[in-house]
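*Asks:* fold the following, please.
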Amino acid sequence: MAPTAGSAAGVGERAGARETARLDLAIEGMTCSSCATRIEKRLNKLGSVAATVNYASEQAAVVFDPAEVALDDLIAAVEAAGYKASLPEADLGGGDPTSSLRLRLAVAGVASVPLMVLAWTTAARFPGWGWVSLGLATPAVFYGGWPFHRAAVLNARHLVATMDTLISIGTLAAWSWSTVVLLGGLHESLYFDTASTITALILLGRYFEARAKRRSGEALRKLAELGATQACVLREGQEVLVPAQDLVAGDLFVVRPGEKVATDGVVRSGTSAVDQSMLTGESVPVEVGPGDEVTGATLNASGRLVVEATRVGAATALSQIARLVAQSQSGKAPVQRLADRVAAVFVPIVIGLSLLTLAGWLAFGSRGTAAAFTAAVAVMVIACPCALGLATPTALMVGTGRGAQLGIVIKGPEVLEQTRRVTTVVLDKTGTITEGRMHVMGLRPMGGVSEEELLAMVAGAEAGSEHPVGRAIAEHGRSRLGHLPEAEGFKATAGLGVQAVVNGHGVVVGRPSLLADWGAELPEPLVSEAGELEVAGNTVVVVAWDGEVRGLVAVADRVKATSREAIGELRALGLTPVLLTGDNDATARAVASQVGIDRVLANVLPGEKAAEIRRLQESGEVVAMVGDGVNDAPALAQADLGLAIGTGSDVAIETSDLTLVSGDLRAAADAISLARKTLSTIKGNLFWAFAYNIAAIPLAVAGVVNPMIAAAAMAFSSVFVVSNSLRLRRFRPQRESS
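*Replies:* Numbers count the residues shown, from 1 in each chain. Just a heads-up that it's a prediction; the model follows:
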């Protein structure tokens, strides 16, 4: 596997002249976003370290210079902050994060029910009920709430206060007050039920939160589990079963029907249909045969294949996707960094506000010490900023995970904001709107020549050609005729055509200028027909033998079946589509009219694509670029939002912001729609998290909300934020949901 959130990432990078490495650390002991902020600051104080800590995934993504900082230094820095760090286990499934909470929750929950009955129902009380309450509350507060108290002590050692500090102080204050009242025989209210119930409610919230957080990371874990575990390798003609990770580039391995392809490779023999849905989201199997590429983890649906391994280990498409998804989940959007700064100072402010509430009630209240104490504890409990810390990372985890399931890789959280601002989408023609492969669109024989004869002569002549047009003609001939006649004296003239002797006839295939050199003039009827075919977007080649023109062949790069639908979906998102191509204006407009694009930029050389994007930006447009080739990389980097077709070149994918693994242009609309939905969910989460605190704290100060209701409200706010994020798992492309 490539480095993911569940594995050490030894990804070397180069920053100027300095070699850097990237790894992920598993962090234990975080209970709120303030913890994540503390660890992040501690790591970033080390020389050459750039760290991002994700509270939701409990991971720290660290980029550092190995010459200056060692792994032990990173772990020591985390431990100095009061937490534990380690390299994550290889198994992304891990253990059950809720198991440690269950017993503590059971103890606190069982104690809280009778305590509430005794506290709230006078008729249920009996002599000595206060001592029974003490006996019930003590294990609930100290055993059930031990994680809060332990974290509060560790934080206090570092002169830091977190959410756990608030919970610990609140529950211990309620228990201690009640114990003093009971032991001293004072005529004041007991708050054993408050201490126990707060503990139970917070534990219940943590339990649901842990379950929801685990669900938010399911997509990445499932992605890691997709790969085959074994491969059947051909060794000296024998099939040998070996672990998939032992494969090396160049190995030949067998894939039987129903088996997963062990790694990325090229089919050397056999034909089959391969189900790629687990990577691309496309449910229709793809027919493959000799020479076709296959991707590791896809499922062989029918025939037996022999595949040569081309990319193994961290270089495979599956590993690269997992790495990109993990990196995107470890990043932070600008809005989350603001929330982190707020959360870092929020807890000390709340403690101060709680003390002021206590003092204010004692000085100006008329309901006595008990009311003052109750209001102060309620403030402390209800103001925990946990929801703020979960607002962004949970939505990001679910959104990017859902994208991976649909064959969409979102590079990072910064991308989300750009998708909202985009006004124009520029689409490269070849390989994006079209299939990127030439096909014979029609044959026009003349002078009594049949289509079969014309095809045999032209395909025979082109059999040795490496030009895309020549290969398309030869492939069409083989598929239609089965066998091509032998050609002799093959000669190719760059940019013009080919010459060869086929069946004893001197055949020339190419542009009219090449035929003119042979003394073959194009008849007037074919001149007009050739013009019509070119206007329709075809490349026209003329075929002649024995000095006479025998017909025309129209060749074109076919438009993808889904391109027109994709353009419609992009328009529905409020985007203006623009076709960008190096083809002549007539061909470009012919393709544009087929898919419903009005604006065309034609005759654009590869080196000029980025400049065209820049001109659009200078005119005030926010530009998204969709491309697939090496020559698209500068334009993808120049664009405000770059989308790379996943079937294209690695450099195009690396310079893009979004990768569309399936190669289906409709995924561009899906990617933008999903990214916008994720951003909307993040903003909604942050709004409700802030609104909750803004509304709840004054109510607690005023004594309207008691500590138990405060605890329930605080727990609910965290569960609400995570649950709201989980709604992204139900995201469907518009064509499926309509």
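*Asks:* any buried residues in whichever strand or helix holds residue 42, and which?
*Replies:* Secondary structure assigned from DSSP states H and E places residue 42 in helix 33-44. Applying a neighbour-count criterion of 16 or more other C-beta atoms under 10 Å, one finds 33, 34, 35, 36, 37, 38, 39, 40, 42, 43 buried in helix 33-44. Just so you know, the C-beta spots here come from the backbone N, C-alpha and C atoms, and that holds for glycine as well.
*Asks:* what's the helix or strand immediately after it in the chain packed up against?
*Replies:* Heading C-terminal from helix 33-44, the first helix or strand you meet, by DSSP H and E, is strand 50-54. Based on contacts counted as 3 or more C-beta pairs under 8 Å, 6 or more residues apart in numbering; DSSP states H and E, the elements that strand 50-54 packs against are helix 33-44, strand 59-64, helix 317-330.
*Asks:* and residue 522, how many neighbours?
*Replies:* Number of residues near residue 522 (other C-beta atoms under 10 Å) recorded here: 16.
*Asks:* just checking, it touches residue 542?
*Replies:* Yes - proximity of residue 522 to residue 542 meets the contact threshold set by C-beta atoms under 8 Å, at 6.1 Å.
*Asks:* dump the buried residues of helix 33-44 into JSON lines; add pLDDT and distance to residue 352 as well.
*Replies:* As requested, these are arranged in JSON lines below (pLDDT from 0 to 100; distance: C-beta to C-beta, whole Å):
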{"residue": "33", "pLDDT": "67", "distance to residue 352": "19"}
{"residue": "34", "pLDDT": "70", "distance to residue 352": "15"}
{"residue": "35", "pLDDT": "79", "distance to residue 352": "20"}
{"residue": "36", "pLDDT": "81", "distance to residue 352": "23"}
{"residue": "37", "pLDDT": "79", "distance to residue 352": "19"}
{"residue": "38", "pLDDT": "82", "distance to residue 352": "19"}
{"residue": "39", "pLDDT": "88", "distance to residue 352": "24"}
{"residue": "40", "pLDDT": "86", "distance to residue 352": "24"}
{"residue": "42", "pLDDT": "88", "distance to residue 352": "24"}
{"residue": "43", "pLDDT": "91", "distance to residue 352": "28"}
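*Asks:* which of the residues you listed sits closest to residue 598?
*Replies:* Sorting these by how near they are to residue 598, with C-beta to C-beta, puts residue 33 at the top with 47.3 Å.
*Asks:* you'd agree residue 460 is in a helix?
*Replies:* Yes - per DSSP: H, G, I helix; E, B strand; the rest coil, residue 460 lies within a helix segment.
*Asks:* that one against residue 477, yeah?
*Replies:* Yes - using C-beta under 8 Å as the test, residue 460 is close enough to residue 477 to be in contact (7.3 Å).
*Asks:* and the helices in the stretch 601-738 of the chain?
*Replies:* Counting by DSSP state H, counting those that start in this stretch, the stretch 601-738 of the chain has these helices, from start to end: 609-618, 633-638, 650-654, 666-701, 707-726, 734-737.
*Asks:* model confidence over the fourth one, on average?
*Replies:* Put plainly, it is helix 666-701. Mean per-residue pLDDT for helix 666-701: 86.
*Asks:* would you mark the buried spots in it?
*Replies:* Of the residues in helix 666-701, 666-679, 681-686, 688-690, 692-693, 696-697, 699-701 count as buried by neighbour count, 16+ other C-beta under 10 Å.
*Asks:* neighbours of residue 704, how many?
*Replies:* Count around residue 704 with other C-beta under 10 Å applied: 12.
*Asks:* and the helices in the stretch 401-550 of the chain?
*Replies:* In chain order, the stretch 401-550 of the chain shows helices spanning 414-421, 451-462, 468-481, 512-517, 524-535, with DSSP H, counting those that start in this stretch as the criterion.
*Asks:* and these, which one averages the lowest pLDDT?
*Replies:* For those, where the average pLDDT is lowest is helix 512-517, sitting at a mean of 66.
*Asks:* quick one: terminal-to-terminal distance for stretch 77-88?
*Replies:* Between the start and the finish of stretch 77-88 there is a gap of 17 Å, counting by C-alpha to C-alpha, to the nearest Å.
*Asks:* what's in contact with that stretch?
*Replies:* Where contact means C-beta atoms under 8 Å, 6 or more residues apart in numbering, the residues beyond stretch 77-88 that reach it are 5-8, 23-30, 35, 38-39, 42-43, 45-46, 59-60, 71, 74-75, 151, 154-155, 157-158, 160.
*Asks:* looking at those, which are in helices?
*Replies:* Among those, the members falling in helices are 35, 38, 39, 42, 43, 71, 74, 75, 151, 154, 155, 157 (criterion: DSSP state H).
*Asks:* just give the nearest non-adjacent residue to residue 178, would you?
*Replies:* The shortest distance from residue 178 to any non-neighbouring residue, by C-beta to C-beta, 6 or more residues apart in numbering, is to residue 190 (4.4 Å).
*Asks:* same deal with residue 521?
*Replies:* By the measure of C-beta to C-beta, 6+ apart, the closest residue to residue 521 outside its immediate chain neighbours is residue 549, 7.2 Å from it.
*Asks:* please name the residues that touch the one you found.
*Replies:* By C-beta under 8 Å, 6+ apart, residue 549 lies in contact with 446, 447, 515, 520, 521, 522, 523, 526, 542, 543.
*Asks:* which residues of the stretch 501-650 of the chain score low on pLDDT?
*Replies:* Across the stretch 501-650 of the chain, residues meeting the criterion (pLDDT under 70) sit at 512-520, 606, 629-631, 646-650.
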